[in-house]
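Visitor: this is the structure alone, sequence omitted:
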């Protein structure tokens with residue numbers, strides 16, 4: 001080989017994702033985790049696919065801004081699955097993106113609008129994922145920016161989590 005890399009798409013997603021993190025597992029597969037927003041059904045949110053009925057916004061609480069940005073109704077979440085090699089050695093995506101958090105009251109990883117590097121707000125282990133999140137139900141303006149650490153145990157990186165973040 002000449003040392004160049006061949007780029008092969010392994011999956012396409014119906015919404016914007018960012019902050020890719022990978023973790024090699026003992027079986028040779030690779031866990032794939034990214035950030036993305038969640039729609040009302042717990043699926044990856046795609047702003048372009050949702051019809052806007054107006055340009056105005058109504059906020060139900062005092063939590064309206066983060067620094068110089070208006071907060072979005074759709075919380076952030078962590079999405080994951082595995083990349084594995086097929087019998088010919090080509091990488092493939094094992095199914096579809098799975099929502100790690102899937103609770104609209106948490107914004108994970110926390111501080112997506114105000115951290116320099118969101119990759120420092122979550123990590124993957126062989127047994128699950130750990131992340132920093134903000135509770136979207138907090139109404140006290142003095143506690144809006146408070147973040148807590150959570151862990152989600154995973155028996156398999158190709159199945160949804162069986163429990164809530166702890």
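Guide: Here it is on my side, so go on. All values derive from a computational prediction rather than experimental measurement.
Visitor: and for residue 140, the neighbour number?
Guide: The number of residues packed near residue 140 is 9, by other CB atoms under 10 Å. Every residue, glycine included, has its C-beta placed from N, CA and C.
Visitor: show me the shaky parts of the chain.
Guide: For the chain, residues meeting the criterion pLDDT under 70 lie at 1-3, 50-72, 113-116.
Visitor: show me where it has its strands.
Guide: 18-24, 30-37, 65-66, 69-70, 76-85, 91-93, 98-99, 106-107, 122-125, 128-135, 147-153 (DSSP state E).
Visitor: of the ones you listed, flag the one that's most buried.
Guide: Of the strands of the chain, the one with the most neighbours on average (mean count of other CB atoms under 10 Å) is strand 106-107, at a mean of 24.
Visitor: from the contact counts, what lies against it?
Guide: strand 128-135 (3 or more CB pairs under 8 Å, 6 or more residues apart in numbering; DSSP states H and E).
Visitor: give me the sheet partners of the strand it packs on and which way each runs.
Guide: Neighbouring strands of strand 128-135 in its sheet, by DSSP bridges, are strand 106-107 (antiparallel), strand 122-125 (antiparallel), strand 147-153 (antiparallel).
Visitor: hmm, who's touching that strand?
Guide: 33, 78, 80, 100-101, 105-111, 121-123, 144-154, 161, 165 (CB atoms under 8 Å, 6 or more residues apart in numbering).
Visitor: just stretch 7-27 next, same as before
Guide: Contacts for stretch 7-27 (CB under 8 Å, 6+ apart): 30-37, 44-47, 49, 79, 82-83, 90-93, 97, 118-119, 122-126, 157.
Visitor: find the centremost residue of the protein, please.
Guide: When CA atoms, centre = their mean is applied to the chain, the residue found nearest the centroid is residue 78 (1.9 Å).
Visitor: now it, nearest residue through space, not along the chain?
Guide: Leaving aside its chain neighbours, residue 78 sits nearest to residue 100 (4.1 Å; criterion: CB to CB, 6 or more residues apart in numbering).
Visitor: what bridges to residue 135?
Guide: residue 106.
Visitor: what does residue 99 give?
Guide: In beta-bridge terms (that is, DSSP bridges), residue 99 pairs with residue 79.
Visitor: do the same with residue 91
Guide: residue 85.
Visitor: quick one on the thing from earlier: look up how far residue 101 lies from the residue nearest to the centre of the chain.
Guide: 6 Å (CB to CB, to the nearest Å).
Visitor: cool, thanks, signing off.
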